[in-house]
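Student: Make a model of this:
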Amino acid sequence: MSEKLAPEKRHSFLHNDEKVFEWDQTLEEVNIYINLPPNVHSKQFYCKIQSKHVEVGIKGNPPYLNHDLFCPVKTDSSFWTLEDDIMHITLQKRDKGQTWSSPILGQGQLDPYSTDLEQKRLMLQRFQEENPGFDFSQAQFTGSCPDPRTFMGGIRSD
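Tutor: Presented below is the predicted three-dimensional model:
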């Protein structure tokens, strides 16, 4: 049932009306998807993930991305892969349930409506995770949604 509450679509991060990458998030992760340029060998790409910073590029060239992250991540649980001409970066949120309005600090933020929809979806993911016998996929919030990290004592840790 939790897959019913997975992100429905990816958000696009644009710069000068050009798509830089797409991204989505779950309670625990932020995923970044970058279309790779053609005719570059996979061993030429690199990705450095730090607690509050990410750098992506082709060796010997200026970085494609070199930015601070919206929130800190767990570097030991974050990773990147290359598949089908896409670099997939998985950032493990340090604060589970934190709603990110963008992976990049101060740039490309979702509008308030989209951020609210993300927070509601993450809250329902939290309810589903904590109550696996129930189906929250059709549940709705009226009005503002509480913060998934702190609502009713916060997220339970195993």
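Student: Tell me, please, where in the protein the pLDDT is lower than the cut-off.
Tutor: 1-6, 157-158 (pLDDT under 70).
Student: At the geometric centre of it, which residue do we find?
Tutor: The residue lying closest to the centre of the chain (C-alpha atoms, centre = their mean) is Val30, at 2.0 Å.
Student: Assign a three-state SS to it, would you?
Tutor: Secondary structure, DSSP: H, G, I helix; E, B strand; the rest coil: Val30 is strand.
Student: cool, and Leu122?
Tutor: In three-state terms, and counting by three-state DSSP, Leu122 is helix.
Student: any idea how far Asp24 lies from Lys43?
Tutor: Distance of Asp24 to Lys43, computed by C-beta to C-beta, to the nearest Å: 27 Å. Using the backbone N, CA and C atoms, a C-beta is placed for each residue, glycine as well.
Student: cool, and Asn61?
Tutor: Counting by C-beta to C-beta, the gap from Asn61 to Lys43 is 14 Å.
Student: Buried ones in stretch 146-155, by neighbour count?
Tutor: Within stretch 146-155, the residues scored as buried using 16 or more other C-beta atoms under 10 Å are 148-149, 155.
Student: actually stretch 25-44, not the one I typed
Tutor: Buried, per 16+ other C-beta under 10 Å, within stretch 25-44: 25-32, 34, 36.
Student: Could you find which two of these are furthest from each other?
Tutor: Spatially, the most separated pair among those is Leu27 and Leu36, at 28.2 Å (C-beta to C-beta).
Student: Please report phi then psi for Leu117.
Tutor: phi -60, psi -40 (degrees, to the nearest 10).
Student: picking that back up, report the beta-bridge partner residues of the residue nearest to the centre of the chain.
Tutor: On the basis of DSSP bridges, Val30 is bridged to Gln25, Leu91.
Student: Asp115 - that's part of a strand, no?
Tutor: Heads up, residue 115 is Thr, not Asp. No: counting by three-state DSSP, Thr115 falls outside a strand, being helix.
Student: Now do the phi/psi pair for the residue nearest to it when sequence neighbours are not counted.
Tutor: Closest residue in space to Thr115, ignoring its immediate chain neighbours: Ser101 at 4.7 Å, by C-beta to C-beta, 6 or more residues apart in numbering. The phi and psi values for Ser101, taken as degrees, to the nearest 10, are phi -90, psi -10.
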